[in-house]
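Asker: Provide a 3D model corresponding to the input given below.
(one chain, ligands or ions: 2)
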Amino acid sequence: MTRSDDSRYLRGGPVAQRIIASVREDAAIAAAEGFPPKLVSITVGDTDAVDVYVRNQRAKAELAGIGFEERRFAADTTAGELEAAIHGLNADPRVTGIIIQRPVPAHIPIKTLQAAVHPLKDVEGMHPASIGNIVYNQLDLAPCTAAASVELLKETGLDLKGLEVVVVGHSEIVGKPIAFLLMSEGATVTVCHHMTRSVAAHARRADALFVAVGRPRLIKAEMVKPGACVIDIGINSETGPDGESRIVGDVDTESVKEVASWITPVPGGVGPLTVAILLRNTMVALNRQRALYRATYGVADKLAAE
Ligand SMILES: NC(=O)C1=CN([C@@H]2O[C@H](COP(=O)(O)OP(=O)(O)OC[C@H]3O[C@@H](n4cnc5c(N)ncnc54)[C@H](OP(=O)(O)O)[C@@H]3O)[C@@H](O)[C@H]2O)C=CC1
Ligand SMILES: Nc1nc(=O)c2c([nH]1)NC[C@@H]1CN(c3ccc(C(=O)N[C@@H](CCC(=O)O)C(=O)O)cc3)C=[N+]21
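Answerer: Ligands and ions are numbered 1, 2, ... in the order given. As a prediction, the model looks like this:
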């Protein structure tokens with residue numbers, strides 16, 4: 001092995017810091033101009049992975065100078081009550097962005113909630129109109145985890161054009177948008193899921209392997225092509241040998257890092273960058289809202305100036 005362990009790790013932290021520093025500057029300017037950005041998170045019920053995410057959203061939003069409010073709802077809240085809350089946030093000019101944490105309890109139709117968020121406040125890009133933009137190669141506001149995963153692949157310097165990429169997991173929020181983003185960049189993309197006959201046979205062909213399933217150690221060294229880049233998106237809570245709860249991904253990092261040229265650690269890989277991109281998306285949303293405001297009222301401003 002010519003490369004040290006450390007250079008194999010593709011860390012999200014440094015990229016996240018760069019993004020947050022730039023968001024912080026933009027947020028300060030917008031606030032001074034009378035448009036302070038504010039993000040509202042909606043959680044229904046309790047999930048470990050959501051708790052980690054929301055905790056980090058709050059911390060990083062504060063660092064970036066973006067207001068953050070968490071609205072927590074009990075697991076037995078009705079879909080109607082949640083839709084009403086979302087409509088209230090859509091109508092509130094102080095709210096820039098709304099994120100609905102997944103999963104929600106089974107009795108709530110998640111797609112209805114995602115479609116209730118006004119597209120201009122859809123900081124996660126999960127409204128049907130927003131997710132459709134990705135198919136049209138309009139990529140400036142993509143689902144945060146998918147965007148973070150692709151951005152980490154770009155950090156390797158590999159040329160995405162013609163790259164053989166395999167995505168394991170095809171959820172609406174992670175696997176599918178990753179596949180579309182990569183197609184837009186010219187990669188050749190194979191998507192695997194629970195009906196795929198041999199995930200291993202596909203995975204072994206990949207120059208870049210993305211894994212978003214939610215199963216600790218699903219991907220082992222023998223499923224990875226030597227020299228590949230492995231992006232581990234899984235966030236799973238388990239109890240370690242010391243009895244403490246810890247976060248692990250979907251990849252058996254210890255064995256895979258001996259085979260792969262790059263691997264994202266968990267924690268410290270995709271997660272921190274996901275949070276940073278959510279904040280960047282909040283600024284994209286704010287700028288779109290301001291553009292609409294100018295288009296609507298700008299003429300009056302011009303008349304007043306004449
Ligand atoms: N780091 C981050 O920012 C984020 C991390 N996550 C984490 O990523 C993981 C996946 O999340 P998410 O996409 O929301 O999860 P979902 O449960 O929605 O999707 C899991 C996907 O994995 C597929 N799958 C299940 N079993 C297998 C298998 N044995 N082989 C191949 N594919 C399989 C499923 O296929 P099928 O539908 O056909 O059953 C499905 O497409 C979780 O650990 C989650 O916590 C999620 C979001 C953000
Ligand atoms: N609508 C929606 N969008 C999501 O993107 C979404 C979601 N729902 N539900 C939950 C999952 C999970 N998720 C995480 C994102 C970042 C970290 C994160 O910041 N992790 C850090 C910190 C770990 C720690 O603090 O221990 C890390 O991996 O290093 C974790 C988990 C987003 N998800």
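Asker: which parts of the protein sit against ligand 2?
Answerer: 49-50, 52-53, 56, 99-102, 124, 144-145, 173, 235, 247, 266-268, 271-272, 274-275 (CB under 6 Å from any ligand atom). Quick note: C-beta positions are derived from backbone N, CA and C, even for glycine.
Asker: near ligand 1, from those?
Answerer: 49, 145, 173, 235, 271, 274.
Asker: would you agree the fifth one is in contact with residue 12?
Answerer: Yes - with contacts defined as CB atoms under 8 Å, residue 271 counts as touching residue 12 at a distance of 6.5 Å.
Asker: would you mark the buried spots in stretch 162-178?
Answerer: Within stretch 162-178, the residues that count as buried by 16 or more other CB atoms under 10 Å are 163-171, 173-178.
Asker: quick one: residue 212 and residue 167 touch, right?
Answerer: Yes - here residue 212 lies in contact with residue 167, judged by CB under 8 Å, at a distance of 7.4 Å.
Asker: sticking with the residue of the stretch 151-300 of the chain found nearest ligand 2, tell me its helix or strand.
Answerer: As assessed by CB to the nearest ligand atom, ligand 2 sits closest to residue 271 within the stretch 151-300 of the chain, at 2.4 Å. Residue 271 belongs to helix 270-305 when assigned by DSSP states H and E.
Asker: show me what that helix is packed against.
Answerer: helix 13-32, strand 38-44, helix 48-64, strand 97-100, helix 144-155 (3 or more CB pairs under 8 Å, 6 or more residues apart in numbering; DSSP states H and E).
Asker: okay, now the residue of the stretch 101-250 of the chain found nearest ligand 2: neighbour count?
Answerer: Proximity of the stretch 101-250 of the chain to ligand 2 (CB to the nearest ligand atom) peaks at residue 102, 3.7 Å away. By other CB atoms under 10 Å, 20 other residues sit near residue 102.
Asker: quick one, domains of this structure?
Answerer: 19-121, 144-271 (automatic domain parsing).
Asker: and residue 258, how far from residue 295?
Answerer: Counting by CB to CB, to the nearest Å, the gap from residue 258 to residue 295 is 56 Å.
Asker: of the two, which one has the most company?
Answerer: Legend: neighbour count by other CB under 10 Å for residue 258 and residue 295, higher for residue 258 (13 against 9).
Asker: can I assume the more buried one sits in a strand?
Answerer: No - counting by DSSP: H, G, I helix; E, B strand; the rest coil, one finds residue 258 to be coil, located in no strand.
Asker: for the residue lying closest to it once chain neighbours are set aside, phi and psi?
Answerer: Excluding the flanking residues, the one nearest residue 258 by CB to CB, 6 or more residues apart in numbering is residue 221, at 6.3 Å. For residue 221, the backbone dihedrals are phi -50, psi -40 (criterion: degrees, to the nearest 10).
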